[in-house]
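> Return atomic coordinates for the entry below.
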Amino acid sequence: MSDNLSLVILAGNIGKQYEWQKQIDPIGPNKETLLEYSIFDALEIGIKHFVFIINQDFGLETKKYFQHIIDKNFSQVEFILQTTYTAVPRSIYDSIENRKQPWGTGHALLIAKSHLSNPFIVIDADHLYGKTTFYKAKELFVEGIILPNRYGLITYYLENTIEKHNYVTRGLCTINKDYLVHIKKFNNIHFNDNEEIISDEINDDLIFDSQASTSINFWIFHPSIFRFLEDKFSQFLKKDSSELESTFSLYSVINNMIKENQLEVIVRKTNERCSRIYNREDKQYLIERIRDLIEMDIYPKMLWK
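Numbering: from 1, shown residues only. Sure thing, here's the model as predicted:
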């Protein structure tokens with residue numbers, strides 16, 4: 001059992017295209033949300049501590065819903081509100097009063113500092129990551145690989161992270177002997193008419209390798225990450241706080257730490273398909289995918305009994 005492994009769920013992002021809290025839209029046959037399947041997988045590997053990073057639109061009834069599920073499974077849950085002013089010095093309040101978007105995933109994780117004292121997994125709330133992904137993360141933890149200067153990342157094959165009708169942003173990974181070297185983000189990645197993977201933001205002649213290792217924000221961290229996040233966020237605010245669209249991402253923090261030889265990241269690849277709700281067209285696809293997974297006995301028809 002992974003009694004000392006926690007799960008941090010980044011649940012503060014509401015998709016503009018979807019115009020609703022996609023994290024809590026019913027997907028399963030008994031109105032289960034997409035996020036509940038990740039919670040189910042986390043419970044199955046023995047996680048007993050859940051931390052939700054939420055925004056102010058994550059309502060009381062939604063909190064009660066997830067609280068009930070997790071309490072019923074003899075586990076602990078905490079909800080942490082991320083706002084523009086959370087963990088930000090008062091001295092810059094005036095310069096950010098017109099800021100509307102969150103600071104980013106690095107900031108979202110930073111505000112959980114006082115709630116985590118053991119290694120933990122970080123995921124996004126609006127992805128279906130797949131059961132074996134959680135087991136691979138547990139293996140890294142159990143094998144003692146997660147240390148103050150060594151973290152873990154589960155990557156996917158690029159073709160397993162894109163649906164035919166979507167344009168997506170992806171972090172493509174450079175890896176050397178199972179060690180992460182760099183993550184580079186590309187926008188507007190999609191399948192063309194020839195079912196090749198391209199990006200509209202770069203030369204149309206560049207076709208991505210369908211088997212490229214891709215980060216979908218499935219990290220396994222040691223609490224030492226918070227020391228780095230504090231230092232990097234302080235630097236970020238001094239330089240970019242007045243830029244209202246600037247974001248402080250986990251990608252950039254990890255890339256900088258690796259470049260500065262402060263950190264190693266062990267990569268494990270999964271064959272799972274990672275699906276996400278980007279817009280309302282995705283909902284029917286995910287309903288059908290969950291139905292298929294139930295028929296294959298990957299998940300029970302009723303998650304919670």
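> Go through stretch 36-56 and flag the buried ones.
36-43, 45-54 (16 or more other C-beta atoms under 10 Å). (Glycine included, C-beta is placed from N, CA and C.)
> Can you tell me the element I202 falls in?
For I202, there is no helix or strand it lies in under DSSP states H and E.
> Other residues contacting the longest strand along the chain?
Looking across the chain with DSSP state E, the single longest strand is strand 179-191. By C-beta atoms under 8 Å, 6 or more residues apart in numbering, the residues outside strand 179-191 that reach it are 153, 158, 162, 164, 166-175, 197-202, 208, 215, 251, 254-255, 258-259, 264-267.
> Just the buried ones among the residues you listed, please.
Buried, going by 16+ other C-beta under 10 Å: 153, 158, 162, 166, 168, 170-173, 175, 197-199, 208, 215, 251, 254-255, 258, 264-267, out of the contacts of strand 179-191.
> which ones among these are found in strands?
153, 168, 170-173, 175, 197-199, 215, 264-267.
> Check the residues you listed and tell me the two furthest apart.
I198 and E264 (32.2 Å; C-beta to C-beta).
> And the pLDDT at T83?
The score at T83 is 92. That number is its pLDDT.
> quick one, phi psi at it?
Phi and psi for T83, reported as degrees, to the nearest 10, are phi -130, psi 170.
> wouldn't it be in contact with F58 here?
No: taking contacts as C-beta atoms under 8 Å, T83 lies outside contact range of F58: 11.8 Å.
> More neighbours: which of those two?
Shown here are T83 and F58; by other C-beta atoms under 10 Å, F58 has more neighbours (22 against 13).
> show me the contacts for that one.
Per C-beta under 8 Å, 6+ apart, neighbours of F58: A11, G12, Q21, F52, F79.
> Please repeat the previous calculation with a cut-off of 7 Å.
Going by C-beta atoms under 7 Å, 6 or more residues apart in numbering, F58 touches A11.
> where's the nearest residue to N118 once chain neighbours are set aside, which helix or strand?
Nearest non-adjacent residue to N118, counting by C-beta to C-beta, 6 or more residues apart in numbering: N4, 4.3 Å away. Assessed by DSSP H and E, N4 sits outside every helix and strand.
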